[in-house]
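Participant: missing the sequence, but the structure's below:
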């Protein structure tokens, strides 16, 4: 079984414990139910696993892909390349098989996001948002419908407007986007820029999602790198030492 399948087979916590996410995937993915281990609990709460995060990501990717009312072959190809780049060929094939089944389902987006928000910490929700923007821009085009859905997802996941703007601008190359990534005004002082950078460096540090494993941590490291790049761009523009 490929790595993605292993994530699922190793157990799902709250995803299959009831709720809209389980309903979306359970209708067509019986093999998951057979392979998933017994839910783990901690202090009365269902423990989140990497499988929960991976499945949540696929459900939200499906919602973004369906944003314009149709799913094109080219979109699937883009998502496949994105998944291969992130997780390798075998894992991408497993994920695409699951994604095709999810795309056939009706996705109650607000309910799905509420379940995810309830069980995932803020750092993990930021990582989901970062991955969604990565998928939406994987074809090098800015699709308004997709970005509107992602904005709605961010709102439902209770992600602040400032954090959403910061992540979105990680995928736009300009000095203006560098300021937006740091969440500051171009007129801000050098000291305020340094403070903003230090704050984001703590918020987005990859160790905050280390429980998701090396594959998802790589994405967090990329996000962290973009924050550093934005800071370096501003320092270069302003000649900050």
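Facilitator: Cool, the structure landed. Note that the structure is a prediction, hence the values are computed from the model and not measured.

Participant: and the strands in the protein?
Facilitator: 41-42, 45-46 (DSSP state E).

Participant: rank the ones you listed by pLDDT, which is bottom?
Facilitator: Among the strands of the chain, strand 41-42 has the lowest mean pLDDT, at a mean of 43.

Participant: give me the domain ranges for this structure.
Facilitator: What the record gives for the chain is the domain set 1-159, 160-241, from automatic domain parsing.

Participant: now those domains in JSON lines, with mean neighbour count?
Facilitator: Quick note: C-beta positions are derived from backbone N, CA and C, even for glycine. Formatted as JSON lines, the domains of the chain follow (neighbours: other Cβ atoms under 10 Å):
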{"stretch": "domain 1-159", "mean neighbour count": "18"}
{"stretch": "domain 160-241", "mean neighbour count": "17"}
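
Participant: can you find the helix or strand of the protein with the lowest average pLDDT?
Facilitator: The helix or strand of the chain with the lowest confidence, counting by mean pLDDT, DSSP states H and E, is strand 41-42 at a mean of 43.

Participant: I figured residue 109 hits residue 157, correct?
Facilitator: No: taking contacts as Cβ atoms under 8 Å, residue 109 lies outside contact range of residue 157: 10.5 Å.

Participant: ok, residues contacting the longest helix along the chain?
Facilitator: Taking DSSP state H as the criterion, the chain has its longest helix at helix 214-238. Applying Cβ atoms under 8 Å, 6 or more residues apart in numbering, the contact partners of helix 214-238 are 3, 50, 53-54, 86-87, 91, 126-127, 130-131, 134, 167, 170, 175, 177-179, 181-182, 190, 193, 197, 200-201, 204-206, 208-210, 212, 240-241.

Participant: just for this structure, where's the confidence low?
Facilitator: Low-confidence segments of the chain (pLDDT under 70): 1-11, 17-18, 26-46, 139-142.

Participant: one more time with 90, if that's ok
Facilitator: For the chain, applying pLDDT under 90 flags the ranges 1-55, 65-106, 119, 131, 134-147, 169-177, 206, 208-223, 233, 236-241.

Participant: now do the helices in it.
Facilitator: For the chain, the helices defined by DSSP H occupy 3-9, 20-26, 30-35, 50-65, 73-87, 89-102, 109-119, 122-136, 144-156, 161-168, 175-182, 190-203, 214-238.

Participant: now the second one, how far from the centre of its chain.
Facilitator: The gap between the average C-alpha position of helix 20-26 and the chain average comes to 18 Å, counting by Cα atoms, centre = their mean, to the nearest Å.

Participant: again, but for the longest one
Facilitator: On the basis of Cα atoms, centre = their mean, helix 214-238 is displaced by 16 Å from the centre of the chain it belongs to.

Participant: make 21 the starting number, not 1.
Facilitator: Shifting the count to begin at 21 puts that one at helix 234-258.

Participant: quick one, it and helix 93-107 angle?
Facilitator: Following axes from the mean of the first three to the mean of the last three Cα atoms, to 10 degrees, one obtains 90 degrees for the angle between helix 234-258 and helix 93-107.
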